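>>> test case, fold it:
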Amino acid sequence: MSRSFMSYRAGYLTPDLISGLTLAAIAIPEQMATARLGGFPPQLGFFAFMAGSLAFAVFGGSRVLSSGADSTITPIFAGTLAAIAATGSPHYMALASVLALMAGAILVFGGLFRLGWIANLLSVPVTLGFLTGIAVHIFVSQLPSVLGIAAPDGSTLAKFAALSTQLGAANPFTIAIGAGVLAMIIVAEQIDARIPAALIGVVAATAAVIMDGLEARGVAVLGDVSGALPMPTVPEIAIAQLLGLVPLAGIISMVIMVQTAATTRSFPSEPDEPPDVNRDFIGVGAGSILSGLLGAFPVNASPPRTAVVAQTGGRSQLAGLVAAAIVLALVVAGTALLRNVPQAALGGILFFVAFRIVRLRQIAAIYRTSLGEFALIVATMLAIVVLPIAQGVGLGIALSLLHGIWTMTQARIIIFERIPGTSIWWPKSTHFKGEREPGVVVVGFPAPLSFVNAEEFRRGIHHILHESDDKLQLVVLEATGIVEIDFTAAQMLTSVIRECHKENVAFAIARLESVRAQEAMARFGINETLGSDREFRSVEEAIRALASTDRTG
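The predicted model follows:
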């Protein structure tokens, strides 16, 4: 059982029950809306929520994290699956269930082998672009429901262009319902995020449909919703299609890892309790596996629902189990209540989700401070909107990795100077007039040494050796920034040391604090080339030891 229930106290029961009731009130309309976003019947959203809540309570680590159907990942896999099978068909459902099993297995594997670092591979600009692109997909996909017109086929841009020409045929009743639910949620969010405005809006809209006979006036409703509980089964699809889902499962798993890690870190169970991201990967992954066995689709950690649990005082995963029990009761005994829920109301909920996931303040801040990273946001967003969505997300991940590599390639050799009156050596700056030692050059490299920047490192040292105005006697590498050294860089560093020795210039390394870099020095034989008396704890110590000794190394 999850550590959420370890040392459970009787005093936790009341806040957990209150938190569970609030969570259910928010989750019920949200899970229906998310299921509809993916082309699934609403009960599958309920099954996904119950599976995510139960599995996370058993296997997860966080006391407050809520797992279930999620509007961030649903457009990604729904768009890809729709290209293979007709949306809503049995084959489509089977593909979604298999995808849930695959993504869940990857997440469990990632948690068991402590791959939480993968969540850091998406940079903030790429994540912002990704979320903005997803928001555009959600907005365009829900426009037909809110406008009350038929959904066109084609790409996201083609759909938007087609819809813009049909505005005159929009149904004023569906627009009023969608806009009313959206406005209600926005106002309630400003007052208190714990207000179940989505549920209130759906109930009010459903009442209006029944009382005013709006279905006869063109307002589309959910219709009959099955109350049958599923039996766990393993869906069957062709091996070729199974293999074809592997890249999509990898992309979905990556996005889930990023969102789960962000949720876990944003809502710690206890102020002094470090989050266990890997354990939460296992919990969310187990939820996806159970969801797939129940015939539903992949689940994800939900930051908004997790915030609700935290804000309402939830103390354990009992809150999620209470919410799941309420949803189960609705499935078993209350699906008749859902028949007259207007689709436009769910569209209004998803409009709010789309608006909320766009981080306008962060985007504006990046625009003001880094146009290059702002371009990365725009490029990722356009890739997700213009390309098939799974390919766009994959390109976004690739852009994030390339951005990280490019950043490392920009590292350059920097010159250090002594701050007057101290023994502190600091990168040369216009903010103070530094001192240098005759015949000595102190340099630094503010990045891990790897194959992407090893040549630039060698070039920088070579320039110093051959372009120095004074007769150079000693080069000290201030290595605080070098936290890692790979094989290529080790060969380059060895050649640099030998070049210095050939020029009768001593070479020393100071402040190599990284244990990984120290181990690399020994593993790759750099220490043997450098010499046993050439590593120091400070630049000043290196200069005192070597500035007046023999330079032959």
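
>>> thought Arg194 was touching Leu21?
No: taking contacts as Cβ atoms under 8 Å, Arg194 lies outside contact range of Leu21: 10.7 Å. To be clear about C-beta, it is placed using only N, CA and C from the backbone, and glycine gets the same treatment.

>>> mind listing what the nearest residue to Ala179 once chain neighbours are set aside touches?
Nearest-residue entry for Ala179: Gly348, 6.8 Å, with adjacent residues in sequence omitted and distances by Cβ to Cβ, 6 or more residues apart in numbering. Going by Cβ atoms under 8 Å, 6 or more residues apart in numbering, Gly348 touches 146, 177-182, 185, 201.

>>> what's the average pLDDT for the helix or strand that Gly348 is a member of?
Using DSSP states H and E, Gly348 sits in helix 343-357. Helix 343-357 shows a mean pLDDT of 93.

>>> buried sites along that helix?
343-354, 356-357 (16 or more other Cβ atoms under 10 Å).

>>> ditto for stretch 173-192
Within stretch 173-192, judged by 16+ other Cβ under 10 Å, the buried ones are 173-174, 176-178, 180-182, 184-185, 188.

>>> inside helices: which ones of these?
Using DSSP state H, the subset of those located in helices is 173-174, 176-178, 180-182, 184-185, 188.

>>> mind putting the residues you listed into a markdown table with distance to Asp280 and pLDDT?
Output for these, formatted as a markdown table (distance: Cβ to Cβ, whole Å; pLDDT from 0 to 100):
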| residue | distance to Asp280 | pLDDT |
| --- | --- | --- |
| Phe173 | 43 | 95 |
| Thr174 | 39 | 95 |
| Ala176 | 41 | 96 |
| Ile177 | 37 | 95 |
| Gly178 | 35 | 95 |
| Gly180 | 37 | 95 |
| Val181 | 32 | 95 |
| Leu182 | 31 | 95 |
| Met184 | 32 | 95 |
| Ile185 | 28 | 94 |
| Ala188 | 29 | 92 |
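
>>> in JSON lines, list those along with distance to Gly295.
Listed next are these as JSON lines, based on distance: Cβ to Cβ, whole Å:
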{"residue": "Phe173", "distance to Gly295": "34"}
{"residue": "Thr174", "distance to Gly295": "30"}
{"residue": "Ala176", "distance to Gly295": "35"}
{"residue": "Ile177", "distance to Gly295": "30"}
{"residue": "Gly178", "distance to Gly295": "29"}
{"residue": "Gly180", "distance to Gly295": "33"}
{"residue": "Val181", "distance to Gly295": "28"}
{"residue": "Leu182", "distance to Gly295": "31"}
{"residue": "Met184", "distance to Gly295": "33"}
{"residue": "Ile185", "distance to Gly295": "30"}
{"residue": "Ala188", "distance to Gly295": "33"}
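
>>> so which of the residues you listed is the closest to Gln473?
Ile185 (70.9 Å; Cβ to Cβ).

>>> distance of that closest one from Gly38?
21 Å (Cβ to Cβ, to the nearest Å).

>>> got it, and Leu399?
With Cβ to Cβ as the criterion, Leu399 and Gly38 are 26 Å apart.

>>> higher neighbour count, those two?
With neighbours defined as other Cβ atoms under 10 Å, Leu399 and Gly38 compare such that Gly38 has more, 28 against 21.

>>> wait, that one sits on Phe297?
Yes: the pair Gly38 / Phe297 is scored as a contact, 6.3 Å apart, by Cβ under 8 Å.

>>> find the residues that touch each one of these two.
In contact with both Gly38 and Phe297: 69, 74, 77, 96, using Cβ under 8 Å, 6+ apart.

>>> which of these lies closest to Ile482?
Phe77 (41.2 Å).

>>> going by distance to Glu478, which of the shared contacts of Gly38 and Phe297 wins?
Phe77 (48.8 Å).

>>> show me what contacts that closest one?
By Cβ under 8 Å, 6+ apart, the neighbours of Phe77 are 38, 96, 99, 248, 252, 297-298, 390.

>>> if we go to 7 Å?
96, 99, 248, 252, 298 (Cβ atoms under 7 Å, 6 or more residues apart in numbering).

>>> what pLDDT, on average, does the helix or strand hosting it get?
Element membership for Phe77 (DSSP H and E) is helix 74-82. If you average the pLDDT over helix 74-82, you get 93.

>>> any idea how far the helix or strand just after that helix is from the chain center?
Counting by DSSP H and E, the element after helix 74-82 in chain order, helix or strand, is helix 90-112. Remark: helix 90-112 is offset 18 Å from the chain centroid, using Cα atoms, centre = their mean, to the nearest Å.

>>> show me which of the buried residues of helix 343-357 is closest to Ala506.
Ile357 (56.5 Å).

>>> strands of the protein, start to end?
67-68, 300-301, 414-418, 425-427, 440-444, 474-478, 506-510, 535-536 (DSSP state E).

>>> of the ones you listed, flag the one that's most buried.
Of all the strands of the chain, strand 67-68 has the most neighbours on average by mean count of other Cβ atoms under 10 Å, namely a mean of 34.

>>> what sits up against that strand?
Taking Cβ under 7 Å, 6+ apart as the rule, strand 67-68 contacts 27, 31, 48-49, 52-53, 56, 283-284, 287, 299-302.

>>> and of those residues, the nearest to Ile415?
Closest to Ile415, out of all of the contacts of strand 67-68 and judged by Cβ to Cβ, is Ala301, at 46.4 Å.

>>> just the pLDDT for the closest one.
96.

>>> show me the contacts for it.
Taking Cβ under 7 Å, 6+ apart, one finds 65, 67, 259-260, 263, 284 in contact with Ala301.

>>> would JSON lines of those with pLDDT and distance to Asn453 be doable?
Below are those laid out as JSON lines (pLDDT from 0 to 100; distance: Cβ to Cβ, whole Å):
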{"residue": "Leu65", "pLDDT": "95", "distance to Asn453": "38"}
{"residue": "Ser67", "pLDDT": "97", "distance to Asn453": "40"}
{"residue": "Gln259", "pLDDT": "94", "distance to Asn453": "31"}
{"residue": "Thr260", "pLDDT": "95", "distance to Asn453": "32"}
{"residue": "Thr263", "pLDDT": "93", "distance to Asn453": "34"}
{"residue": "Val284", "pLDDT": "98", "distance to Asn453": "36"}
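
>>> okay, and which of these map to helices?
259-260, 263, 284.

>>> by neighbour count, which of these wins?
Val284 (35 neighbours).

>>> measure that one to Leu167 for me?
40 Å.

>>> so Met32 makes contact with Gln43?
No: using Cβ atoms under 7 Å, Met32 is not in contact with Gln43, being 8.7 Å away.

>>> just want to know which of these two has more residues nearby.
Remark: of Met32 and Gln43, Met32 carries more neighbours, 29 against 24, as counted by other Cβ under 10 Å.

>>> done for today, thanks.
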